[in-house]
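Visitor: sequence and computational prediction follow.
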Amino acid sequence: MSELLRTGAGHLDSVTSVAFSPDGRRIVTGSFDKTLKVWDTGTATEILTLSGHDRAVFGVAFHPRDGSQIASASWDRTVKIWDSTSGQVIHTLNAHTDKVICVAFSPDGRYVVSGGDDRRVILWDATTGQECLRFRGHSDWATSVAFSPDGTRIASGQVSRGPGKRDMYFDEPNNKTRVWNAQTGATVLTLEGHTDTVASVAFNQDGTRLLTGGFDEFMIMWDTTSGNMVQKIKDAASIISVAFIDSQRIINGGWADWQAKVWSSARQTHVLDGHLGPIYSVAVSPVNPINPIVVTGSRDSTFKIWSVM
């Protein structure tokens with residue numbers, strides 16, 4: 001059973017990214033309107049607007065320990081770290097040379113990782129704002145980044161210019177997912193299975209599985225030790241965002257059908273239908289596992305909060 005609880009409106013353009021605070025009481029959204037907004041989960045009312053980016057905000061993340069900070073990735077080529085209460089900018093991180101698409105905090109909140117159109121995946125010190133490490137190997141845009149729950153690895157997805165395309169610099173198909181050692185930058189796993197852009201990556205709660213979603217309409221579950229494909233799930237639309245709800249269920253957001261879908265054991269169990277445009281982002285509240293709450297952000301300029309039992 002699923003239920004639409006609330007709809008939040010206030011952005012002037014597409015809601016590209018959504019994330020919950022660690023206590024589940026707040027949601028942060030990023031938008032093509034160049035702003036971030038913080039919302040009350042219980043009422044979907046706006047608490048704060050964060051202004052400072054010069055172009056679209058395409059990735060957002062809360063500090064995972066106390067929610068005191070928010071990280072954002074923008075097409076203005078910067079990553080910003082904000083105070084989530086005052087809305088003041090703490091750091092502006094400059095090292096990308098093109099649009100920054102995605103951002104994530106490490107589980108302890110000490111680091112931030114970002115990826116962008118410049119093919120770079122960069123690790124930053126969240127306290128000092130200094131660059132720590134660059135991960136080299138992507139042959140096109142880095143579309144999505146995620147830390148493993150123990151913080152030792154980082155996964156990143158990549159744009160593909162078309163099925164089977166080879167990159168002029170690397171001479172290899174460019175629809176791979178990479179898993180990196182977060183301390184050394186070395187590639188731990190290279191995962192091949194998608195035939196188009198890998199739009200989203202997510203680790204499960206114990207880090208033993210990695211879920212990827214792609215424009216090829218597939219979700220793939222990977223074993224993070226062996227790199228073997230565990231499960232491949234076909235949807236009816238290109239997949240832009242994926243997340244784990246719990247150890248048994250996953251959720252994805254779709255482009256062409258404007259729906260989010262819940263799956264269990266490769267079987268679709270719920271359809272979250274109500275947006276009037278493609279769904280750019282999905283996130284799951286870290287609290288209340290018995291009655292999970294999820295949020296979806298859409299091109300229709302709204303976000304929606306759902307209960308998924």
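Guide: Noted; the coordinates are in hand. Quick caveat: nothing in here was measured; it's all calculated off a predicted structure.

Visitor: which ones are touching Ala71?
Guide: 59-61, 63, 79-82, 103-105, 112, 114, 126 (Cβ atoms under 8 Å, 6 or more residues apart in numbering). Any C-beta I mention is one placed from the backbone N, CA and C, and that applies to glycine too.

Visitor: most neighbours among these, which one is it?
Guide: Per-residue neighbour counts (other Cβ atoms under 10 Å) across the contacts of Ala71 peak at Val103, which has 31 neighbours.

Visitor: wait, what's in contact with it?
Guide: With the criterion set at Cβ under 8 Å, 6+ apart, Val103 makes contact with 59-61, 71-73, 79, 112-115, 145.

Visitor: could you dump the contacts of Ala71 to CSV with distance to Lys34 and pLDDT?
Guide: CSV is the format used below for those (distance: Cβ to Cβ, whole Å; pLDDT from 0 to 100):
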residue, distance to Lys34, pLDDT
Gly59, 14, 98
Val60, 13, 98
Ala61, 18, 98
His63, 22, 98
Val79, 15, 98
Lys80, 12, 98
Ile81, 17, 98
Trp82, 14, 98
Val103, 16, 98
Ala104, 21, 98
Phe105, 22, 98
Val112, 20, 98
Ser114, 17, 98
Ala126, 22, 98
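
Visitor: just the ones of those in strands?
Guide: 59-61, 79-82, 103-105, 112, 114 (DSSP state E).

Visitor: the host helix or strand of Phe303 - contacts with which helices or strands?
Guide: Element membership of Phe303, judged by DSSP states H and E, is strand 302-308. If you count contacts as 3 or more Cβ pairs under 8 Å, 6 or more residues apart in numbering; DSSP states H and E, strand 302-308 packs onto strand 2-9, strand 15-20, strand 26-31, strand 267-273, strand 293-298.

Visitor: Gly137 is nearest to which of these?
Guide: strand 15-20 (24.2 Å; Cβ to Cβ).

Visitor: ok now the closest one, how far from the chain's centre?
Guide: Relative to the centre of its chain, strand 15-20 is centred 8 Å away, using Cα atoms, centre = their mean, to the nearest Å.

Visitor: now do it: everything it contacts.
Guide: The contact list for strand 15-20 (Cβ under 8 Å, 6+ apart) reads 26-32, 41, 56-62, 280-286, 293, 295-299, 301-303.

Visitor: do that again at 6 Å, thanks
Guide: Outside of strand 15-20, the residues within contact range by Cβ atoms under 6 Å, 6 or more residues apart in numbering are 27-31, 58-62, 280-281, 283, 285, 295, 297-298, 303.

Visitor: and if you look at stretch 208-226?
Guide: 155, 177, 191, 193-203, 229-235, 238-239, 242, 250, 252.

Visitor: filter these down to the buried ones.
Guide: The neighbour-count test (16 or more other Cβ atoms under 10 Å) applied to the contacts of stretch 208-226 identifies 155, 177, 191, 193-203, 233, 235, 238-239, 242, 250, 252 as buried.

Visitor: dump the residue contacts of Ile154.
Guide: Contacts of Ile154 by Cβ under 6 Å, 6+ apart are 113, 147, 180, 182.

Visitor: for the third one, give me its contacts.
Guide: By that I understand Trp180. Contacts of Trp180 by Cβ under 6 Å, 6+ apart are 135, 154, 187.

Visitor: tell me how far the last one lies from Gly227.
Guide: Distance, Thr187 to Gly227, using Cβ to Cβ, to the nearest Å: 11 Å.

Visitor: ok, the first one next?
Guide: Applying Cβ to Cβ, one obtains 17 Å for the distance of Phe135 from Gly227.

Visitor: which of these two has more residues huddled nearby?
Guide: Comparing Phe135 with Gly227 by other Cβ under 10 Å, the one with more neighbours is Phe135, at 24 against 15.

Visitor: that one pairs with what?
Guide: When bridges are called by DSSP bridges, Phe135 pairs up with Val121.

Visitor: can you check the pLDDT for it?
Guide: Note on Phe135: pLDDT of 95.

Visitor: who touches it in this structure?
Guide: Per Cβ under 6 Å, 6+ apart, neighbours of Phe135: 121, 180, 185.

Visitor: which among these gets closest to Asp257?
Guide: Scanning those for proximity to Asp257, where the rule is Cβ to Cβ, the winner is Val121, at 30.2 Å.

Visitor: the closest one - how many residues pack around it?
Guide: For Val121, the count of nearby residues is 25 (other Cβ under 10 Å).

Visitor: and what of the one 10 residues further on?
Guide: Other residues within reach of Glu131, judged by other Cβ under 10 Å, total 14.

Visitor: is it in contact with Ala95, as I believe?
Guide: Yes: at 5.1 Å, Glu131 and Ala95 qualify as touching, with contact defined as Cβ atoms under 6 Å.
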